[in-house]
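In: got a sequence here, can you build the structure:
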Amino acid sequence: MAKKQKNDIFKPLAFYDFKAKKLNIIKYYNLIMARLFSMIEFNDEFKKDFPDSIIKKWLFNDGHFLLFEKDGKVHAFSYSEAANFDEWGRPRDCIVANPYDTTLSGTYTRGVNCMPIRLTYDETIYHDLISKYATIFSELDITTKKLITNARVLAFITAVDDRTMESAKVWLNNMENGEESIISDYDYDATGSAAAMVKAQPLAVSANNAIKQHIELMQYEKASCWNDLGINANFNMKREALNSSESALNLDALLPLTDHVINQLTSDLDEANKLFGTNYSVKLSSSWENIQEEADAMTETGQPQEPEKEPEQEEQ
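Out: Prediction:
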């Protein structure tokens, strides 16, 4: 008898619960956050000293992390601010509480033995933004599930008594099984007395129209999400192909927040390099880098760049 082999390649199938809103919001938050990690790329020296994914998790989730020196070595960890500030209102002391290595826990002073590295001036911008859209996407999923279910219903069947209702159920089951069937009902008799009837009530709203409107809403919200995060994802109300000029209309609106992120990180890393004698740096990456290059090309030429066309092949 052949031995049954265990499949260890895939995880067991998990059925998606559309009604578990809090859990689905967390899932969407993690999904958007994972994509957002591709926005920036640290140089090789930084990635050699610190785990890239953990640093980015601190940056995009908490809005900051701390570079500090202990026993002649530069470390990185999350931190909290002490209740004392310099003349610019910046935290003077930073408190590190590392449960994995308690020797690194303690209070460090800005500009003396530590340097906070911030993502933006308001450290909750991305956390709040992603939380907002994760909540919207979870709500849209629930509506999608309801619309898909309702699309199966062409009309409601109503019956005035149990006998007619059971006859209608048998008819539905037979139709699903591909069998011919008849619904037994009654009509008004000659004396005008009421008799059992089965009726089909059409839906008040077309399911197709509702689905189309819902799809447009989903596309709008997803495009708005990525536009807010600095990705060009135009929502096309024209239902036609967009030319390069139309695609470039909101390019200027995408850049300020991304520029602020790079300027803030670069400024803080420069301060850390002066303090610790390191050579850490950061740059844009992935789609954000492509958008910056497109904007730079537009600045030089004054025109949006059309995609290069492949040369036509001559007929033999």
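In: which residues of the stretch 151-300 of the chain fall in helices?
Out: Counting by DSSP state H, counting those that start in this stretch, the stretch 151-300 of the chain has helices at residues 162-176, 207-228, 244-247, 251-276, 286-301.
In: between those helices, which one is nearest to Leu140?
Out: Closest to Leu140 of these, according to CB to CB: helix 207-228, at 5.3 Å. In this view, the C-beta of every residue, glycine as well, is placed from N, C-alpha and C.
In: rewinding a little: and of the helices of the stretch 151-300 of the chain, who's closest to Thr143?
Out: Closest approach to Thr143 among the helices of the stretch 151-300 of the chain is made by helix 207-228 (6.0 Å; CB to CB).
In: tell me the buried residues in that closest one?
Out: Using 16 or more other CB atoms under 10 Å as the test for burial, helix 207-228 gives 207, 210-211, 218, 222-223, 225-228.
In: tell me which of those has the lowest pLDDT.
Out: pLDDT across the buried residues of helix 207-228 is lowest for Ala207, at 63.
In: still on that earlier bit, least confident of the helices of the stretch 151-300 of the chain, on average?
Out: Ranked on mean pLDDT, the bottom entry among these is helix 244-247, at a mean of 56.
In: returning to what we had before: closest to Ser287 among the buried residues of helix 207-228?
Out: When the buried residues of helix 207-228 are compared against Ser287 (criterion: CB to CB), the nearest one is Trp226, at 8.9 Å.
In: contacting residues around that closest one?
Out: 232-233 (CB atoms under 8 Å, 6 or more residues apart in numbering).
In: just to revisit the earlier point, can I get the helices of the stretch 151-300 of the chain in TSV including distance to Ala20?
Out: TSV is the format used below for those (distance: least, CB to CB, whole Å):
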stretch	distance to Ala20
helix 162-176	30
helix 207-228	19
helix 244-247	37
helix 251-276	32
helix 286-301	31
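In: how about those helices, which one is nearest Thr120?
Out: Among the helices of the stretch 151-300 of the chain, helix 251-276 sits nearest to Thr120 (CB to CB), with 5.9 Å.
In: next, the angle helix 207-228 makes with that closest one.
Out: For helix 251-276 against helix 207-228, the angle by axes from the mean of the first three to the mean of the last three CA atoms, to 10 degrees is 40 degrees.
In: packing partners for helix 251-276?
Out: Judged by 3 or more CB pairs under 8 Å, 6 or more residues apart in numbering; DSSP states H and E, the packing partners of helix 251-276 are strand 40-42, strand 64-70, strand 114-118, helix 207-228, strand 282-284, helix 286-301.
In: which of these sits closest to Leu275?
Out: Closest approach to Leu275 among these (CB to CB): strand 114-118, 5.6 Å.
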